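**Q** Next input, structure requested:
(4 chains)
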2 protein chains.
Amino acid sequence: MTRSSVASKSSERVAKYADMFSAMGTEPRLRIMQLLLSAHPEGMVVGEIQDELEIPNSTLSHHLDKLRSEGLVEVQREGTFLRYTANTGALQELLQFLYAECCTRNKAVKPQDIVQICK
Amino acid sequence: MTRSSVASKSSERVAKYADMFSAMGTEPRLRIMQLLLSAHPEGMVVGEIQDELEIPNSTLSHHLDKLRSEGLVEVQREGTFLRYTANTGALQELLQFLYAECCTRNKAVKPQDIVQICK
DNA sequence: ACCATATTTCTAGTATTGTCGAAATATGGA
DNA sequence: TCCATATTTCGACAATACTAGAAATATGGT
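**A** Numbers count the residues shown, from 1 in each chain, chains lettered A, B, ... in the order given. Now for the predicted structure:
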């Protein structure tokens, strides 16, 4: 692999995570993610999300599509309903990225300050 | 505290984290954060960041101001130089928020999948 | 007081994004 | 086939954001 190709790979990687952060970077969409995580792993159908967040259907649909296109949620049809679920794999990857940058690479933040998993 | 005031407090909280995600939601700014974390805790002066990322000075200044206004970086003058550093406290808070949503609240993602701190 | 360097602020153009009403599509049932 | 419901797509507008050249400001040295 050439040097520029390595650089572009790294660039794509950062760009991808930037897009994921951006997708969670508005209040309505971050609320949607919270809601789907609270309903995990069942998820919720669009109408339920709409009742909960009181967002007009076309606006909500737009936000859900954005989250889906960035891979943060997944969708599955159930008859006339569409059920959205949080994509925990993608969230894990994003969390790992942020964790690695802050905690692993240079100890800017101590792991223990994020989580205690040793009881 | 009234019910609506509780709701608005929660709303402000989510909005704040959304703004922080949004601030890291472009490739140039996520790169700046990576760079400052890699140089932590010394940080870097603007010129050094500019040499590294090859962003025009006015554009870079704009991005740095955005990161600063969302509390993700801090700035300190050193003579004619301005030294920017990652705000690890803010990053820790953001990481904790995401961690709590994904791992604590409903085990959508297992803590062990993010970090192994128990050797 | 002047100069050189570092960085920001100003100004502006283009592009992207968030919002939402209205219309279109999808599905299942009568 | 027609209807009711769920959801998306279309179209449009306003707002915001990214970019960057040029000018302005800040600082320290001579």
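**Q** Looking at residue A:118 now. What's its pLDDT?
**A** Among the per-residue scores, residue A:118 holds a pLDDT of 51.
**Q** In chain A, where's the longest helix?
**A** In chain A, ranked by residue count with DSSP state H as the criterion, the top helix is helix A:3-23.
**Q** ok, and for the helix or strand following it, which residues are buried?
**A** Past helix A:3-23, further along toward the C-terminus, the next helix or strand under DSSP states H and E is helix A:27-38. By 16 or more other CB atoms under 10 Å in any protein chain shown, the buried positions in helix A:27-38 come out as A:27, A:29-37. To be clear about C-beta, it is placed using only N, CA and C from the backbone, and glycine gets the same treatment.
**Q** Is there proximity between helix A:27-38 and DNA strand D?
**A** No. Helix A:27-38 stays out of contact with DNA strand D when judged by CB under 7 Å from any atom of the strand, the minimum separation being 11.4 Å.
**Q** How far away from the center of its chain is that helix?
**A** In terms of CA atoms, centre = their mean, to the nearest Å, the centre of helix A:27-38 is set 9 Å apart from its chain centre.
**Q** Please enumerate residues in contact with it?
**A** Applying CB atoms under 8 Å, 6 or more residues apart in numbering or on different chains, the contact partners of helix A:27-38 are A:23-24, A:43-44, A:49, A:52-53, A:55, A:59-60, A:63-64, A:66-67, A:72-73, A:84-86, A:91, B:11, B:14-15, B:17-18, B:21, B:101-102, B:105-106, B:108.
**Q** what's the residue closest to the geometric middle of chain A?
**A** Among the residues of chain A, residue A:72 comes closest to the average C-alpha position under CA atoms, centre = their mean, at 3.7 Å.
**Q** Show the model's pLDDT score for the residue in chain A that DNA strand C sits nearest to.
**A** Of all residues in chain A, the one sitting closest to DNA strand C is residue A:58 (3.0 Å; CB to the nearest atom of the strand). According to the per-residue confidence, residue A:58 scores 98 in pLDDT.
**Q** Which strands and helices lie in contact with the helix or strand it falls within?
**A** Using DSSP H and E, the secondary-structure element containing residue A:58 is helix A:57-69. Packing partners of helix A:57-69 (3 or more CB pairs under 8 Å, 6 or more residues apart in numbering or on different chains; DSSP states H and E): helix A:27-38, helix A:46-53, strand A:73-78.
**Q** near DNA strand D, which residues of chain A?
**A** Residues of chain A lying near DNA strand D by CB under 7 Å from any atom of the strand: A:45-47, A:50, A:57-58, A:60-62, A:64-65, A:75, A:80-82.
**Q** give the contact list for residue A:98.
**A** Contact analysis of residue A:98 by CB under 8 Å, 6+ apart lists B:91, B:94-95, B:98.
**Q** And the closest residue to residue A:43 other than its chain neighbours, how far from residue B:109?
**A** For residue A:43, the nearest residue in space outside its immediate sequence neighbours is residue A:85; the separation is 3.3 Å by CB to CB, 6 or more residues apart in numbering or on different chains. Separation of residue A:85 from residue B:109 (CB to CB, to the nearest Å): 13 Å.
**Q** Dump the buried residues of helix A:27-38 to JSON lines, plus distance to residue B:114 and pLDDT.
**A** Compiled in JSON lines, the buried residues of helix A:27-38 are given as follows (distance: CB to CB, whole Å; pLDDT from 0 to 100):
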{"residue": "A:27", "distance to residue B:114": "25", "pLDDT": "98"}
{"residue": "A:29", "distance to residue B:114": "22", "pLDDT": "98"}
{"residue": "A:30", "distance to residue B:114": "19", "pLDDT": "98"}
{"residue": "A:31", "distance to residue B:114": "23", "pLDDT": "98"}
{"residue": "A:32", "distance to residue B:114": "22", "pLDDT": "98"}
{"residue": "A:33", "distance to residue B:114": "17", "pLDDT": "98"}
{"residue": "A:34", "distance to residue B:114": "18", "pLDDT": "97"}
{"residue": "A:35", "distance to residue B:114": "22", "pLDDT": "97"}
{"residue": "A:36", "distance to residue B:114": "19", "pLDDT": "98"}
{"residue": "A:37", "distance to residue B:114": "15", "pLDDT": "97"}
